[in-house]
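1. Here you go, sequence then predicted model.
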Amino acid sequence: MPDYSNKTSSTINIKNVVPLVLDLDRVNYDLWIELFETHCIGFGVDDHLELPFMKPISSDPKDKEVTVDQKEWNKIDSIVKSWIYNTLSQSLLQMILKKKSMTYVIWCDLEDLFCTNKENKAMQLENQLRNIVMGDLSVNDYYTKIKAIADMLDNLGAPIPKRNLVSYTLNGLTQKFKPITTTIQYSKPFSTSMEARSTLVMEEQQLELDHSRQIIPAYSDNSSLPIIILTEDHQQPRNNRFFHNNRCGRGGRGGHDGLGDNLMLSYPLLRSFGICNLDIPTVMFSRT
């Protein structure tokens, strides 16, 4: 009789060795099945994932060995089945749960469920990848999104050719990356996905650096025009550190040219407009 008592234990936390949740939306069946089968083989219970060969239970009281063997097998089978249940998403568990079913039956149901619409799902994902756009994502986030879709296609047995993956990536970039996109497209030999990613990351960093260095002076398009300010004050302080008074008109302080008698350059005011470093005359008129 096989010794089942040392094969496995119900106290094992399956989530420590299969650290993912099987879900229809994530298309992670191939990865899940690899981890789960590896765990079962390590504990010597992978025979519960196959069609079991069972000896008929004898009614002869003398033949107790077969009865004990069957009970022990059922015990281990329940443990392996509980491992499966504990690695399924809630929605998938509700779809797959069956009372008093053997592990092998649940195992086959999962395979049928994930493989039935395999081709349709692969077509949907490939179309999604072909039309992907960067939007407001960073280069790293954009590539993470692309890799997630490419990995799902790999899990479905429909891997994207490397050259196509680079082309889809470049097609979805924003306008600011167009110059470097052309460089990557015509590089020889053709860039791999990782090489293109490195190039785009460096380009993104350079663009951010250039943007931070840009200085946009206020009124740069009309820097030669004076700024005219109308004030009620007739008497401006002669030696104020914020103002500088000049005479306006041929008559000196008392003269008038029809423009008033105050020409003032206000540095705090210019600073408020962000143009204190520009050589812009500021004319101040007095109301009479």
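-> Perfect, I can see it now. Numbering: from 1, shown residues only.

2. make it CA atoms for all contacts and neighbour counts henceforth
-> OK.

3. In this protein, where is pLDDT below threshold?
-> 1-11, 53-68, 215-288 (pLDDT under 70).

4. how does it divide up, domain by domain?
-> As assigned by automatic domain parsing, the chain contains the domains 14-116, 118-203, 223-288.

5. Run a quick neighbour tally on residue 208.
-> 11 (other Cα atoms under 10 Å).

6. sec struct for it, please.
-> helix (DSSP: H, G, I helix; E, B strand; the rest coil).

7. what's the helix or strand residue 201 falls within packed up against?
-> Using DSSP states H and E, residue 201 sits within helix 193-213. Judged by 3 or more Cα pairs under 8 Å, 6 or more residues apart in numbering; DSSP states H and E, helix 193-213 is in contact with helix 139-155, helix 162-171, helix 178-185.

8. Show me which positions of the helix or strand harbouring residue 129 end up buried.
-> In this assignment (DSSP H and E), residue 129 forms part of helix 118-130. With burial defined by 16 or more other Cα atoms under 10 Å, the residues of helix 118-130 counted as buried are 118, 121, 122, 126, 129, 130.

9. I'd like the distance between the nearest residue to residue 122 once chain neighbours are set aside and residue 74.
-> Among residues not flanking residue 122 along the chain, residue 153 sits closest, at 6.0 Å (Cα to Cα, 6 or more residues apart in numbering). Going from residue 153 to residue 74 by Cα to Cα, to the nearest Å gives 37 Å.

10. Same drill for these two, tell me which one is more crowded.
-> residue 153 (23 against 15).

11. Please look at the more buried one and residue 125 and confirm they touch.
-> Yes - Residue 153 lies in contact with residue 125 (Cα atoms under 8 Å); the separation is 6.9 Å.

12. quick one: the strands in the stretch 1-150 of the chain?
-> With strands called from DSSP state E, counting those that start in this stretch, the stretch 1-150 of the chain shows none.

13. All the helices of it, residue numbers only.
-> 29-42, 64-85, 90-96, 103-116, 118-130, 139-155 (DSSP state H, counting those that start in this stretch).

14. Adding distance to residue 192, write those out as CSV.
-> Output for the helices of the stretch 1-150 of the chain, formatted as CSV (distance: least, Cα to Cα, whole Å):
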stretch, distance to residue 192
helix 29-42, 25
helix 64-85, 38
helix 90-96, 37
helix 103-116, 31
helix 118-130, 17
helix 139-155, 13
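
15. Which one, of these, ends up nearest to residue 173?
-> helix 139-155 (8.9 Å; Cα to Cα).

16. got the contact list for the closest one?
-> The set of residues external to helix 139-155 that reach it, using Cα atoms under 8 Å, 6 or more residues apart in numbering, is 26-31, 122, 125-126, 129, 132, 134, 159-160, 169, 197, 200-201, 204.

17. Give me the buried positions along that helix.
-> 139, 142, 143, 146, 149, 150, 151, 152, 153, 154, 155.

18. Out of those, which is nearest to residue 183?
-> Closest to residue 183 out of the buried residues of helix 139-155 is residue 139 (16.7 Å), distances taken as Cα to Cα.

19. Next, count neighbours for residue 18.
-> For residue 18, using other Cα under 10 Å, the count is 22.

20. Likewise for the one 10 residues further on?
-> Burial of residue 28, expressed as a neighbour count using other Cα under 10 Å, amounts to 20.

21. check contacts around it.
-> For residue 28, counting by Cα under 8 Å, 6+ apart, the contacting residues are 22, 152, 155.
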